[in-house]
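>>> Need coordinates for the below:
(4 chains)
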2 protein chains.
Amino acid sequence: MAVADDLFRALADRTRRTILDELAEKSGQTLFEICSRLSVKHQLGISRQGVSQHLAVLEAAGLVETRREGRYKFHDLNTAPLRRITERWLVPDAPQPEESTP
Amino acid sequence: MAVADDLFRALADRTRRTILDELAEKSGQTLFEICSRLSVKHQLGISRQGVSQHLAVLEAAGLVETRREGRYKFHDLNTAPLRRITERWLVPDAPQPEESTP
DNA sequence: TTGATAGGCAAGTGATTTCTTGCCTATCCT
DNA sequence: AGGATAGGCAAGAAATCACTTGCCTATCAA
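Residues are numbered from 1 along each chain as shown, chains lettered A, B, ... in the order given. This next block holds a predicted model:
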């Protein structure tokens, strides 16, 4: 249950979702690279520490995994936790009748 | 984008997720019925207005739909918005290699 | 019509969250 | 060694959020 808490809490912030988008586009980015992408591509005026904190939240949720190499820390997207989300409520009404498009 | 905001914000709260669970189990519940279920089954001490506000958030996210009948207002779960969640990040790495279970 | 039931609105409070600022450590390059 | 680069920690300000309290409206049953 605490897992679900972390996961949904992580997804609740728009900036964090944008970070996931960026990591989906290119994995293995460093903190600075993510910072500059948020700034340039998304006009998000946010400090480096702000981004760092967001990454920590994403990592706690298991959505981002990191690996250290020397002074660099690379961030990778892990979509596995996302699969459990929809299962929670989608499974019961299993058949999932496709949208009728008359 | 505002749609995603509402959706993820709605899912971020544990009480709201529990409400979705209850609606998944039995659809068409009234506010009072949901209140008593939260209280009895989940030991959640929350006021009627608290639950009402949660339902409003869920409705804004499209996760709950309502229909009025006389003085009753029935709440139904709508899982459609959930499907878009995973699509956002799950689609790119499409194949989704099934878990190796040796 | 009166009382009871189902629900709604709005202001205020307390708790979380987001974000910044300031300082610190570790690694690399010259 | 010294400077530059990548990242981390922590305290505090500001914004959001969850929740309550108090009062109000609408529907139904007697």
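>>> switch to C-alpha atoms for all contacts and neighbour counts from now on
Noted.
>>> I'd say residue A:86 and residue B:81 touch.
No: the pair residue A:86 / residue B:81 is not scored as a contact, 9.8 Å apart, by C-alpha atoms under 8 Å.
>>> Give me the three-state assignment for residue A:19.
Under DSSP: H, G, I helix; E, B strand; the rest coil, the three-state class of residue A:19 is helix.
>>> Would you confirm that it contacts residue A:35?
No: the criterion here is C-alpha under 8 Å, and residue A:19 misses it with residue A:35 at 9.2 Å.
>>> any idea how far residue B:69 is from the nearest residue in space to residue A:9 that is not next to it in sequence?
Nearest residue to residue A:9 in three dimensions, chain neighbours excluded: residue B:12, at 5.0 Å (C-alpha to C-alpha, 6 or more residues apart in numbering or on different chains). Noted for residue B:12: a distance of 30 Å to residue B:69, by C-alpha to C-alpha, to the nearest Å.
>>> Please say which of the two ends up with more neighbours.
residue B:12 (20 against 8; other C-alpha atoms under 10 Å in any protein chain shown).
>>> ranges for the strands of chain A?
With DSSP state E as the criterion, chain A has strands at A:64-69, A:72-77.
>>> do the last one and chain B meet?
No: Strand A:72-77 stays clear of chain B (C-alpha under 8 Å from any C-alpha of the partner chain), getting no nearer than 9.2 Å.
>>> Can you report how many residues neighbour the closest residue to residue A:5 other than its chain neighbours?
What sits nearest to residue A:5 in space, not counting adjacent residues and going by C-alpha to C-alpha, 6+ apart, is residue B:14, at 6.9 Å. Other residues near residue B:14 come to 16 when the count uses other C-alpha under 10 Å.
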